[in-house]
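Engineer: Got a predicted structure here, sequence first:
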Amino acid sequence: MNRKEHKSIIPFVIMIECWLTWICSSIPTVAEKIIYYRNYLFVVGVIGACMLIIIFKDKLKNRSNETWILLIIAAGVLLRGLYIISAPYDISKHDLGGFALSEDREIAGGHLGYMSYLYQYKHLPDFDPRTFWTFYNPPGFHLLGAIWYGINRFIGLSHDTCVENLQILTLAFSSGIVYLAYRIITEFFRKNKVTVLLVAFLSFFPFFTIMGAMLNNDCLAIFCSMLAILYTIRWYRKPSAKNILVIAVSMGYGMFTKLSVGLLAFPIGFAFISQLLIKKKEWKTILGQFLLFGVICVPLGLFNPIRNAILYKVPIAYVPQAGGEQNFGYQPIWSRIGIPNLHQINYSFIQFDPEKETNMWVQLIRTGLFDEIQPPECTDLIHPIALLLFWLGLLLGVITIIMAIRSLIDCKKRGILPLFFTILFGTLFISYIRFCINYPAICTMNFRYIVTIILLPSLVWTEYLNRTGRKGWGGKVLNAMIICFIGMSIVINGVFILWGPNGY
């Protein structure tokens, strides 16, 4: 399978899965049967897959790495698709709100409320957006949600079905994030068994399964960020109007979805300036491309905050202060940014305890694996596996930072792009630390605010395994840890699918 065929198949796999999910959720009797029999479907599917692997193991050995990558990505999409069929649209509690739809044109808060407002009134809020919760956010995702809801209503589907179908958007974007992360990896490394391993790590990463069902603006913002990063790499290697156009649109619409995407300005700006200094003879062409970028990205990305600042005196970077029972601002700063205590790592799923959940690094790993899920009693047997996965995640996190520091020391020998990623990851970490300190609440220490950081382990692990091989002791240990992580992630994904409706 060549590169062109591979790239053309992946979007079709995602679109077919979205279409099947939509059809199933549009026919109540079919949806009910799928949900009722999901336990049996999952078990039979796993057993069937294992039997097929055993029967055709000789033939599978001869398959190309690219074929394996395609199959793994498709399997991840199918898992996420099965999860959103199993889980109701309101499974996520991240400022979800309700989709208000009535003759009185009621206005409700939350992300769903924002969508319903755009659907009913067909214009941006004509009042101070701080009046209703989440309306201060840029409307990029909510606008797409309102349009998609309208399309579903236009073809005659019920209100409940249309709201359920909103998860198809996040399914597509979460699957797109995995695919774009894979494309970024292959910009630097050849497609080999290491790439297959890292694609499996990304495809079955539990957070992406959960993200596929979260109806908020995070998923689209991260998708736009990944797309901008990928095309910045491509533009740096081959400056062209096409590449910079994609960067401008993806970054601009990303900021139109969530303003924090603007943090990409630091690494992308570094790449732009570096290329200008390197290719001094082509400075006119490059400056012309910079102008194209600015004309598209700046108005699109800053339109909403500037509009709100002019009309309603809303600060450009306005974020509401989190408080209530989750606030732990009284805790010493070292407990937030320092080495965690043992009582902070002796459980896996979030407990919303401000006396314990104050360490941003522990919470970053915990929410990166399980978000804010709290499994029901029927899944008590899964807690040991989840705790092992959490501990393994912490260990891999420490190893990743050590490996990243080593790569940073050697980056001068490898050109500008490693510095680009150093600035990218440094910006993300500094922003995350600043956000957690300024807004000391459990809900602010969430992986969803820094998902792009998943590129850090993906790149440093791939670089290390390609450089040292998997035969040395270091390679063997890292390889075994990643395989264990993938295996336990698949088990956790199964739990999310089987008990999705009770996951929060």
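Structural biologist: Here it is on my side, so go on. Numbers count the residues shown, from 1 in each chain.
Engineer: buried residues in stretch 276-294?
Structural biologist: Neighbour-count burial for stretch 276-294, with 16 or more other CB atoms under 10 Å as criterion, is recorded at 276, 286, 289-290, 293. Where C-beta positions appear, they are placed from N, C-alpha and C, glycine not excepted.
Engineer: would a markdown table of those with secondary structure, pLDDT and distance to Gln120 be doable?
Structural biologist: Compiled in a markdown table, the buried residues of stretch 276-294 are given as follows (DSSP: H, G, I helix; E, B strand; the rest coil; pLDDT from 0 to 100; distance: CB to CB, whole Å):
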| residue | secondary structure | pLDDT | distance to Gln120 |
| --- | --- | --- | --- |
| Leu276 | helix | 86 | 47 |
| Ile286 | helix | 86 | 46 |
| Gln289 | helix | 89 | 41 |
| Phe290 | helix | 90 | 40 |
| Phe293 | helix | 92 | 35 |
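Engineer: Now the closest residue to Arg190 other than its chain neighbours: phi and psi?
Structural biologist: In space, and not counting its chain neighbours, Arg190 is closest to Asn466: 8.0 Å by CB to CB, 6 or more residues apart in numbering. Its backbone dihedrals place Asn466 at phi -70, psi -30, with angles given as degrees, to the nearest 10.
Engineer: Could you check the pLDDT of Asn466?
Structural biologist: Asn466 is assigned a predicted lDDT (pLDDT) of 85.
Engineer: Ok, Arg406 next?
Structural biologist: For Arg406, the pLDDT comes out at 82.
Engineer: and the strand or helix carrying it, what other elements does it pack with?
Structural biologist: Assigned by DSSP states H and E, Arg406 falls within helix 383-410. Counting contacts by 3 or more CB pairs under 8 Å, 6 or more residues apart in numbering; DSSP states H and E, helix 383-410 is packed against helix 360-370, helix 417-438, helix 455-468, helix 473-498.
Engineer: and those as JSON lines, adding distance to Met115 and mean neighbour count?
Structural biologist: Output for the helices and strands packed on helix 383-410, formatted as JSON lines (distance: least, CB to CB, whole Å; neighbours: other CB atoms under 10 Å):
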{"stretch": "helix 360-370", "distance to Met115": "24", "mean neighbour count": "23"}
{"stretch": "helix 417-438", "distance to Met115": "25", "mean neighbour count": "17"}
{"stretch": "helix 455-468", "distance to Met115": "30", "mean neighbour count": "20"}
{"stretch": "helix 473-498", "distance to Met115": "24", "mean neighbour count": "18"}
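Engineer: can you list the weak-confidence ranges in this protein?
Structural biologist: Where the chain drops to pLDDT under 70, the residues are 1-63, 102-105, 322-325, 329, 375-380, 410-415, 469-471, 499-504.
Engineer: one step back: looking at the buried residues of stretch 276-294, which two lie furthest apart in space?
Structural biologist: Leu276 and Phe293 (12.3 Å; CB to CB).
Engineer: how about the CA coordinates for stretch 280-299, as CSV?
Structural biologist: Written as CSV, here are the backbone C-alpha positions of stretch 280-299 (Å, rounded to 0.1, in the frame of the first residue of the first chain):
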residue,chain,number,x,y,z
LYS,A,280,17.7,35.5,3.1
LYS,A,281,17.7,35.5,-0.7
GLU,A,282,14.0,34.5,-0.8
TRP,A,283,13.0,37.1,1.9
LYS,A,284,10.4,38.7,-0.4
THR,A,285,8.6,35.4,-1.0
ILE,A,286,8.7,34.4,2.7
LEU,A,287,7.5,37.8,3.8
GLY,A,288,4.6,37.6,1.4
GLN,A,289,3.7,34.3,2.9
PHE,A,290,3.9,35.8,6.4
LEU,A,291,1.4,38.5,5.2
LEU,A,292,-0.9,35.8,3.9
PHE,A,293,-0.8,34.1,7.3
GLY,A,294,-1.5,37.3,9.1
VAL,A,295,-4.4,38.4,6.9
ILE,A,296,-6.2,35.0,7.5
CYS,A,297,-5.1,34.0,11.0
VAL,A,298,-5.3,37.2,13.0
PRO,A,299,-8.9,38.4,12.0
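Engineer: What are the contacting residues of that stretch?
Structural biologist: Contacts to stretch 280-299, defined as CB atoms under 8 Å, 6 or more residues apart in numbering, come from residues 239-241, 244-245, 247-249, 251-252, 255, 272, 275-276, 279.
Engineer: So which of those residues sit within strands?
Structural biologist: Per DSSP state E, strands hold no members of the contacts of stretch 280-299.
Engineer: Now the buried members of the residues you listed.
Structural biologist: When the contacts of stretch 280-299 are checked for burial by 16+ other CB under 10 Å, the buried set is 239, 244-245, 247-249, 251-252, 255, 272, 275-276.
Engineer: Of these, which is the nearest to Arg434?
Structural biologist: Taking CB to CB as the measure, Arg434 sits nearest to Met255 out of the buried ones among the contacts of stretch 280-299, at 18.4 Å.
Engineer: Quick check: that closest one touching Gly301?
Structural biologist: Yes: contact status for Met255 versus Gly301: in contact at 3.1 Å, counting by CB atoms under 8 Å.
Engineer: chain center to stretch 214-230, what's the gap?
Structural biologist: Between the centre of stretch 214-230 and the centre of its host chain there is 6 Å, according to CA atoms, centre = their mean, to the nearest Å.
Engineer: And stretch 124-140, by the same measure?
Structural biologist: Taking CA atoms, centre = their mean, the mean C-alpha location of stretch 124-140 is offset from the chain mean by 23 Å.
Engineer: cool, stretch 484-492 as well?
Structural biologist: On the basis of CA atoms, centre = their mean, stretch 484-492 sits 18 Å off its chain's mean C-alpha point.
Engineer: which residues touch that stretch?
Structural biologist: Contacts made with stretch 484-492 from outside it, assessed by CB under 8 Å, 6+ apart, are listed as 197, 200-201, 204-206, 369-370, 382, 385-386, 388-389, 392-393, 396.
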